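1. structure, please.
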Amino acid sequence: MANRSLHEQAAAAPLQVVTIYTDGACEGNPGPGGWAAVLRCGETSRELSGGAPATTNNRMELTAAIEALRALKRPVPVLMHTDSQYLLNGITEWIPGWKSRGWRTAGKKPVKNADLWRELDKLAAAHTVTWRWVKGHAGNPDNERCDTLANAEIRRIREQTAPAELRRLLQQFRDEADSGAQPLL
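-> Below is the predicted model:
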């Protein structure tokens, strides 16, 4: 290896796996929601979180995975942990059928949250992602941390948004969902 440049050595080195834990939460469904992710690579870790004043739990679960993958600077192997069966089954089992049917379910209805599924599919394709289910609220430190961060986002939204504004946003969310438009995030 002494004859190879540092750049050549770095390019030949195996990529470290990035381990990610994600979670989404919602107070009411729909209602104010939060999402969070914990990313770990070697000794480095990073926490991400955010929220929306009117959303669903499933949208927050998807957003957590999307934002975690979006935070990666280059294609890497990823070990993604989620406590959401909806997220896990959607990305590992259902998405090929949805895509082949033009983003329709087997029952020929539009896929809910298709905007987020498309984004997640695109981002996941840039990496080698292994998806793993982890039981929620079972003492896994990174899963518990994500839950804490996601719920803190809900509290932040409630503290920073007037109740009348939250009700207006929730009604707008419901109206858009009822009309067939994609819900707000």
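
2. pLDDT weak spots in the protein?
-> Along the chain, the model assigns pLDDT under 70 to residues 1-14, 180-185.

3. how about the helices in it?
-> Per DSSP state H, the chain carries helices over the ranges 6-12, 57-70, 85-89, 95-100, 114-125, 141-160, 163-179.

4. what's the shortest one packed up against?
-> Read that as helix 85-89. For helix 85-89, the elements it packs on are helix 57-70, strand 128-133, judged by 3 or more C-beta pairs under 8 Å, 6 or more residues apart in numbering; DSSP states H and E. All C-beta atoms are positioned from the backbone trio N, CA, C, and that covers glycine.

5. export it as CSV, just CAs?
-> This file holds the C-alpha atoms of helix 85-89, laid out as CSV (Å, rounded to 0.1, in the frame of the first residue of the first chain):
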residue,chain,number,x,y,z
GLN,A,85,-44.3,-1.7,10.5
TYR,A,86,-45.9,0.7,7.9
LEU,A,87,-42.5,2.1,7.0
LEU,A,88,-40.7,-1.3,7.0
ASN,A,89,-43.4,-3.2,5.0
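
6. hmm, who's touching that helix?
-> Here helix 85-89 makes contact (C-beta atoms under 8 Å, 6 or more residues apart in numbering) with 22, 58, 61-62, 65, 82, 131, 133.

7. in it, what's buried?
-> If you call a residue buried by 16 or more other C-beta atoms under 10 Å, then helix 85-89 has these buried ones: 86-88.

8. now it: how far from the chain's centre is it?
-> The chain centre lies 11 Å from the centre of helix 85-89; the measure is C-alpha atoms, centre = their mean, to the nearest Å.

9. quick one: residue 153 and residue 27 touch, right?
-> No. In this structure residue 153 lies outside contact range of residue 27 using C-beta atoms under 8 Å: 10.3 Å.

10. overlap of the contact sets of these two?
-> Here residue 153 and residue 27 have residue 33 as joint contacts, going by C-beta under 8 Å, 6+ apart.

11. neighbour count winner among the two?
-> residue 153 (21 against 15; other C-beta atoms under 10 Å).

12. tell me the contacts of the more buried one?
-> Applying C-beta under 8 Å, 6+ apart, we find residue 153 in contact with 25, 33-36, 49-51.

13. switch the cut-off to 6 Å
-> Residue 153 sits next to 34, 49, 51 when contact means C-beta atoms under 6 Å, 6 or more residues apart in numbering.

14. the first one contacts residue 25, correct?
-> In other words, residue 34. Yes. Between residue 34 and residue 25 there is a contact at 5.0 Å, judged by C-beta atoms under 6 Å.
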